[in-house]
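A.B. asks: next one to model:
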Amino acid sequence: MPQTLSLSLISHTNVGKTTLARTLLGRDVGEVRDEAHVTETAEAYPMIETADGDRLVLWDTPGFGDSARLARRLAASGEPIGWFLSQVWDRFRDRAFWSSQQAVRNVRDSADVVLYLVNASEQPDGAGYVTSEMQVLDWIGKPVVVLLNQMGPPRAPADEAAEVQAWRSRLAGAPLVRAVLPLDAFARCWVQEATLLRTIESVLPEPARAACARLVDRWLERSRAVFDASMAALAERLARAAVDREPLPDGGVLVRLRDAGAALGAMRAEQDDGGATAPSRRQAMRRLAERLDADMRTSTARLIALHGLEGHASGEVLARLAEHYSVSERLDEGKAAMLGGVVTGALAGLKADLVAGGLTFGAGMLTGGIVGALGAFGLARGYNVVRGTQSSSVAWTDAAMDEMVAAALLGYLAVAHYGRGRGDWAASEYPPHWRGVVADVLGKRRGEFEPIWALRAHADAEASLKAALRPALSAAAMAVLERLYPGSGGSISSR
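C.D. replies: You can find the predicted model right below:
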């Protein structure tokens, strides 16, 4: 039989209940202002529904106020909750007790599980109101899951775990607290929401637990669809970049070799358009980079929409960046035999304006391998990257594609962590430890991507690249999420 389960979101006033409700619901609800007692009445919002009629409802409630005085008054009564709810409190003259009464009534009458939100920017021992409010919740007798809000930007797992443990120790004496979980309204990730839902399921009695399991499965189905669509969007973008070519005018092989040598000699210098790279080649590089820039903006906008956010991809640039390019040169048979192939390598001289997931990655984005690529510039690799070409062209190197994969995953993380409480999407710097985690995961999976870039030489290369990139990106992204949130794999796996 279908069931309706209710979660009551409870906290001290002005801790961020409505902001978190918006993030969990994926839509704007209630009113958010930086002042006490903004939410005046308990409001129910559908969170998950199954095709069979099961429903999970999230209640946003007024906040507790003057908790110490409230606890003292309740303790003086033989039947604390019954006495408190029978009183008439003036909505304006005793706003704190009036709001607390609304919250207590909602928990008593409606909640299957209480989600108690704390301000984690405070030290656990400094949040004196928590003890009083836990006492009130103990009198009501519903299971409690404590959520740590306002934790700041995502941090390394060990740092976050230490903070969670500090709060667990602080709440060890609260008998109805079943779990303490991090869930910041501004910077949570969907795998953390999955952990929350699994936890709620575990604290419910039967038959409510079975209904909750069905609801969690529906939520995971929906969330995995967003994840899969995100990986597909990134795979399409990377495939287009991998096959993109910008033709070069044929000025003769000796001219091209001279241009290549000039580029190598002045690669790191700041020069004007008359500098290191021949104008025709520089223009080709610019066109190639402009197409990537436009595609990255479109792809990021797609990620934003998939995650139920609003806003536009940022126009911030990757400044002071020497980009990887591969140059495929057409040679006649005699010169090809003499020189052993074509010039390939990394050309610089273009400060390409690129956007990667709405974030500025800075000058270090492509540092991995760029020094080696520059050193190997010239005839060291005497073969044609694009076999059988009839004209010269500029393309992205495999090293650049590897960096684009890292940028794509970092961009995905940025969007996936963007809590709706922050409003419309806006670019911001990502946590520093993300880069190291992504680099380490991709370093261990390099062997999976090397054969993918080799598909560029095949017929129908773009379709082949898309098909190969999608599972590779999905596996890498899941590995990154597991590293960032240890144990989350069990929460998001199918039953």
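
A.B. asks: just the buried positions in stretch 227-240, please.
C.D. replies: Neighbour counts over stretch 227-240 (16 or more other CB atoms under 10 Å) mark 227, 230, 231, 232, 233, 234, 235, 236, 237, 238, 239, 240 as buried. The way it works is simple: take the backbone N, C-alpha and C, and place the C-beta from them, glycine included.

A.B. asks: now those in CSV, with secondary structure and pLDDT?
C.D. replies: Formatted as CSV, the buried residues of stretch 227-240 follow (DSSP: H, G, I helix; E, B strand; the rest coil; pLDDT from 0 to 100):
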residue, secondary structure, pLDDT
227, helix, 98
230, helix, 98
231, helix, 98
232, helix, 98
233, helix, 97
234, helix, 97
235, helix, 98
236, helix, 98
237, helix, 95
238, helix, 96
239, helix, 98
240, helix, 96
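
A.B. asks: the nearest residue to residue 232 once chain neighbours are set aside - how many residues pack around it?
C.D. replies: Sequence neighbours aside, residue 470 is the residue nearest to residue 232 in space, at 5.7 Å (criterion: CB to CB, 6 or more residues apart in numbering). Residue 470 has 19 neighbours, counted by other CB atoms under 10 Å.

A.B. asks: start the count at 12, not 1, going forward
C.D. replies: Okay, residue one is now 12; in that scheme the one you just asked about reads as residue 481.

A.B. asks: what's the per-residue pLDDT of residue 481 here?
C.D. replies: Looking at residue 481, its pLDDT reads 98.

A.B. asks: in a helix, residue 67, correct?
C.D. replies: No. Counting by DSSP: H, G, I helix; E, B strand; the rest coil, residue 67 falls outside a helix, being strand.

A.B. asks: surely it touches residue 225?
C.D. replies: No. In this structure, residue 67 is not within contact of residue 225 by CB atoms under 8 Å, at 9.8 Å.

A.B. asks: compare the two (neighbour count), which wins?
C.D. replies: residue 67 (24 against 19).

A.B. asks: now for that one: which residues touch it?
C.D. replies: Going by CB atoms under 8 Å, 6 or more residues apart in numbering, residue 67 touches 15, 16, 17, 18, 57, 58, 59, 60, 223, 226.

A.B. asks: go again using 7 Å as the cut-off
C.D. replies: In this structure, residue 67 makes contact with 16, 18, 58, 59, 226, judged by CB atoms under 7 Å, 6 or more residues apart in numbering.

A.B. asks: let me see the ranges of the strands in the stretch 362-506 of the chain.
C.D. replies: All strands of the stretch 362-506 of the chain, identified by DSSP state E, counting those that start in this stretch, fall at 403-406.

A.B. asks: just the helices in it please.
C.D. replies: Using DSSP state H, counting those that start in this stretch, the helices assigned to the stretch 362-506 of the chain run over residues 381-386, 409-427, 443-455, 457-465, 472-495, 499-503.

A.B. asks: picking that back up, from the buried residues of stretch 238-251, pick the one nearest residue 110.
C.D. replies: Proximity of the buried residues of stretch 238-251 to residue 110 (CB to CB) peaks at residue 238, which lies at 38.5 Å.

A.B. asks: secondary structure class for residue 22?
C.D. replies: Residue 22 is classified as strand under three-state DSSP.

A.B. asks: give me the neighbour count for it.
C.D. replies: Residue 22: 24 neighbours (other CB under 10 Å).

A.B. asks: surely it touches residue 76?
C.D. replies: No. If you go by CB atoms under 7 Å, residue 22 and residue 76 don't touch, sitting 10.8 Å apart.

A.B. asks: which neighbours do these two share?
C.D. replies: Taking CB under 7 Å, 6+ apart as the contact criterion, no residue touches both residue 22 and residue 76.

A.B. asks: so which residues make contact with stretch 224-241?
C.D. replies: Stretch 224-241 is contacted from outside by 59, 61, 65, 67, 201, 205, 208-209, 212, 314, 317-318, 423, 503, 506, using CB under 7 Å, 6+ apart.

A.B. asks: can you pull out the helices in the stretch 112-261 of the chain?
C.D. replies: For the stretch 112-261 of the chain, the helices defined by DSSP H, counting those that start in this stretch occupy 140-151, 168-181, 201-214, 219-254.

A.B. asks: for residue 90, which of these is the nearest?
C.D. replies: helix 140-151 (9.2 Å).

A.B. asks: now residue 142: closest residue in space that isn't a chain neighbour?
C.D. replies: Nearest to residue 142 is residue 82, by CB to CB, 6+ apart, at 7.9 Å.

A.B. asks: spell out the secondary structure type for the one you found.
C.D. replies: Going by three-state DSSP: residue 82 is helix.

A.B. asks: thought it was touching residue 149?
C.D. replies: No. Between residue 82 and residue 149 there is no contact under CB under 7 Å: 10.3 Å.

A.B. asks: which of the two has more neighbours?
C.D. replies: residue 82 (20 against 15).

A.B. asks: ok, back up a step: which one of the helices of the stretch 112-261 of the chain lies nearest to residue 107?
C.D. replies: Nearest of these (CB to CB): helix 140-151, 11.1 Å.
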